[in-house]
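In: take this sequence and fold it.
(one chain, ligands or ions: 2)
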Amino acid sequence: MPENLKQELQEALAQSRSFFEDLRNLGVTAVPVAELPAELPPCPPDVCGIDRGGSAVCRAETLDEIRADLGDCQRCPLCRGRKQVVFGVGNPHARVVFVGEAPGREEDEQGEPFVGEAGRLLDRILFAMGLAREDVYICNVVKCRPPGNRDPLPEEIAPCEPFLRRQLAAIEPEVIVTLGRFAAQSLLDDQAAISSLRGKWHQYQGIDLLPTYHPAYLLRTPAAKREVWEDMKQVIKRLRESRIG
Ligand code: URA
Ligand code: URA
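Out: Ligands and ions are numbered 1, 2, ... in the order given. This is a model prediction of the structure:
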C-alpha cells in the first residue's frame, strides 16, 4: 500500500475513533444505522481485479456490467472484420465454464459462441455429461472473429484477455475446461503441445482448469473422442466431489 494512502487511512481511522469516543462521553450507547443500500458499487477491476480479498465495500462485477464495459469494442483490429462481438452465453453462476478459441463464421453471424458444427458436437458432449447448454457458460479467448478463422494474434489477445479474466471472476466456476490447443496455451501461458496439456489439471486464477481437445478437432479425428470423454469424466468426478465436500 502506498505510504500516503496508508497515512490517510490511519487519519480517517483516528478521526472516526474520536467521533465515537465523543458520543460515548455524551452518554450515547447506540447509534441508529440505516439499511445498507442494496446496490453496492461494483468492484473496479483495476483496484481489486479478481482477488477482491473479501472486501465488504464493493461487490463483484456482473456479466452484464462487463458486457456493457466492452461495448462496441474497438480495442483491436478484429473489430473491422467482425459482424458482432461474441461475448459468451450461459448460466452466470455456472459451475463449469468452457473456453474456446474465437468465434467462427456462424458465431459471428449469430452473436453466440459454439453454434456451428463444432458447437453441436459440444452440445452432445454436454448432454453425455448430464448437462445442458443453459447449465454451463461458454465463451472464447477472443471475442471477435479473426479473418478466415486464422489464429488470433498476440495484439488481438492482449486487449481481450482482461475481459475473459473478469468474466471468470464474475462467474467463479469450480472448473474451467479449455477446448483445443489455442485456449489451453493462452490461459496457461504454456506453449506445450495440447496432447501433453490435456487430461491434466492445471489452475487459472485459482480455479481448476482441465484442457481437452477442441470439438472441431474431434470432427476431423473422431478417434480422439475417447480421450475427451476420459477428460469429461474427470470433470464430472470433480464436480461430484465438490458437492459432497
Ligand atoms: N470454435 C471456437 O473456438 N469457438 C467458437 O465459438 C466456435 C468455434
Ligand atoms: N489441435 C488443436 O488446435 N486443437 C486440438 O484440440 C487438437 C489439435
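In: just give me the residue closest to the centre of this protein.
Out: In the chain, the residue lying closest to the centroid (Cα atoms, centre = their mean) is L168, at 1.6 Å.
In: which element is that residue on?
Out: Per DSSP states H and E: L168 is located in helix 154-171.
In: mind giving me the packing neighbours of the next helix or strand after that helix?
Out: As assigned by DSSP H and E, the chain's next helix or strand after helix 154-171 is strand 175-179. Packing partners of strand 175-179 (3 or more Cβ pairs under 8 Å, 6 or more residues apart in numbering; DSSP states H and E): strand 96-100, helix 180-188, strand 207-212, helix 225-244. Quick note: C-beta positions are derived from backbone N, CA and C, even for glycine.
In: let's see it at 7 Å
Out: Secondary-structure packing of strand 175-179 (3 or more Cβ pairs under 7 Å, 6 or more residues apart in numbering; DSSP states H and E): strand 96-100, strand 207-212, helix 225-244.
In: mind listing what's buried in the shortest one?
Out: Residues of strand 96-100 classed as buried under the neighbour-count rule (16 or more other Cβ atoms under 10 Å) are V96, V97, F98, V99, G100.
In: out of these, who's nearest P173?
Out: Top of the list for closeness to P173, among these and by Cβ to Cβ, is V97 at 4.5 Å.
In: where does the chain have low pLDDT?
Out: 1, 22, 25, 27, 29-41, 43-57, 244-245 (pLDDT under 70).
In: ok, now which ones touch G90?
Out: Contact analysis of G90 by Cβ atoms under 7 Å, 6 or more residues apart in numbering lists R133, E134, V136, Y137, I138.
In: at 8 Å what do you get?
Out: The contact partners of G90, by Cβ atoms under 8 Å, 6 or more residues apart in numbering, come to V97, R133, E134, D135, V136, Y137, I138.
In: tell me what angle the helix holding L168 forms with strand 207-212.
Out: On the basis of axes from the mean of the first three to the mean of the last three Cα atoms, to 10 degrees, helix 154-171 is oriented at 130 degrees to strand 207-212.
In: is any residue of helix 154-171 near ligand 1?
Out: No - using Cβ under 6 Å from any ligand atom, we find that helix 154-171 stays clear of ligand 1, coming within 12.6 Å at best.
In: which strands and helices sit next to that helix?
Out: If contacts are counted by 3+ Cβ pairs under 8 Å, 6+ apart, helix 154-171 sits against helix 63-70, strand 96-100, strand 137-140.
In: nearest to ligand 1, out of these?
Out: Smallest distance to ligand 1 across the helices and strands packed on helix 154-171 (Cβ to the nearest ligand atom): 2.9 Å, for strand 96-100.
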